[in-house]
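Q: model this:
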Amino acid sequence: MKYIYLSLILSITLINKGFSQGGVIILEGNYQGKSLYVQNPFGAGGVGFCVTEVLINGNITTDEINSSAFEIDFKPHKLNIGDKVEIKIKHKEDCKPKVLNPEVLKPKSTFEVISMTIEKDGTVKWSTKSETGKLAFAVEQFRWNKWVKVGEVEGVGTPGTNNYTFKITPHSGKNQIRVRQTDYSGQPRLSKPVDFMSDAPDVTFAPVKVSKDITFVASDKPVETLYEIYDQYGNVVKRGFGSTVDASNLAKGGYFLNYDNKMGEFIKK
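A: Residues are numbered from 1 along each chain as shown. As a prediction, the model looks like this:
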């Protein structure tokens, strides 16, 4: 018995399984409004084509399969965009058909933001429409002259109105937030940034010449903040969230420190 797996969306699985009457290829994914195309060779004996039957969600299709290539058309099955589908392609044991475009069952980022707001405590709320598959939303905050991922929320993946909430940690001054999805194409789909002014006090750090710990302070009190430490070659050596950073294990030399919404430098003694 032989199993072949083809990874797609949550799971587009390709299974080749030996049966007395032949094999079956199973694909699972989400309907994206496009057809599948199958390359259909002759059987090993040269009599008749390889595929014997095609089922969509358990229903036999009326597609013409007696040709060297054929289309699996989802339209007669009255599916909505984003609906889950399972396709079974049954075939003779001595040959194997090939699905030419299995990626059409992968989720595509198609969301549209209806509204997006940020409250003073950092609670981000956004509503979307036109989603066609489950993809995670990356929540990004602009700081240190770049967009930094600060969290992730799983997308609902249905075309109607979907509501999401995520709480960020505001930094002092102007905060900018956006959400991003990246589908199988690798191309990100972004919301427009929204911003608000935080009441959080300015954060400073000490000491500039460090032997053990770096401490973050606001209004003369320790305060927690996101931070990144880079060496002189641009490599990240520490990253985290807190009011202190243990720098005792850093090699001697100069470092760059990103914290709050600021960038600084320090020397490890």
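Q: residue contacts, Asp213?
A: Applying C-beta atoms under 8 Å, 6 or more residues apart in numbering to Asp213 gives the contacts 244-248. Where C-beta positions appear, they are placed from N, C-alpha and C, glycine not excepted.
Q: and these, which are buried?
A: When these are checked for burial by 16 or more other C-beta atoms under 10 Å, the buried set is 245, 247.
Q: Among the contacts of Asp213, which ones are in helices?
A: Counting by DSSP state H, the contacts of Asp213 place none of their members in helices.
Q: per-domain residue ranges of this structure.
A: 23-105, 112-198, 204-268 (automatic domain parsing).
Q: and the shortest one, how far from the chain's centre?
A: Yep, that's domain 204-268 we're talking about. Centroid displacement of domain 204-268 relative to its chain, using C-alpha atoms, centre = their mean, to the nearest Å, is 30 Å.
Q: same deal with stretch 22-37?
A: Relative to its chain's centre, stretch 22-37 lies at 22 Å (C-alpha atoms, centre = their mean).
Q: tell me the mean pLDDT over that stretch?
A: The average pLDDT within stretch 22-37 is 91.
Q: what comes up buried for it?
A: 22-32, 36-37.
Q: Which strands or helices does the helix or strand where Phe205 lies pack on?
A: Assigned by DSSP states H and E, Phe205 belongs to strand 204-206. In terms of contacts (3 or more C-beta pairs under 8 Å, 6 or more residues apart in numbering; DSSP states H and E), strand 204-206 is packed against strand 213-218.
Q: Pull up the pairing partners for the next helix or strand after the strand it packs on, direction included.
A: Using DSSP H and E, the helix or strand that follows strand 213-218 towards the C-terminus is strand 221-222. Strand pairing for strand 221-222, using DSSP bridges, gives strand 213-218 (antiparallel).
Q: Alpha carbons of the strand it pairs with, as PDB, please.
A: The C-alpha coordinates for strand 213-218 follow below in PDB (Å, rounded to 0.1, in the frame of the first residue of the first chain):
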ATOM      1  CA  ASP A 213      21.800  44.700  33.300                       C
ATOM      2  CA  ILE A 214      20.000  47.300  31.200                       C
ATOM      3  CA  THR A 215      17.000  49.000  32.900                       C
ATOM      4  CA  PHE A 216      14.100  50.800  31.200                       C
ATOM      5  CA  VAL A 217      12.600  53.700  33.100                       C
ATOM      6  CA  ALA A 218       9.700  56.000  32.700                       C
END
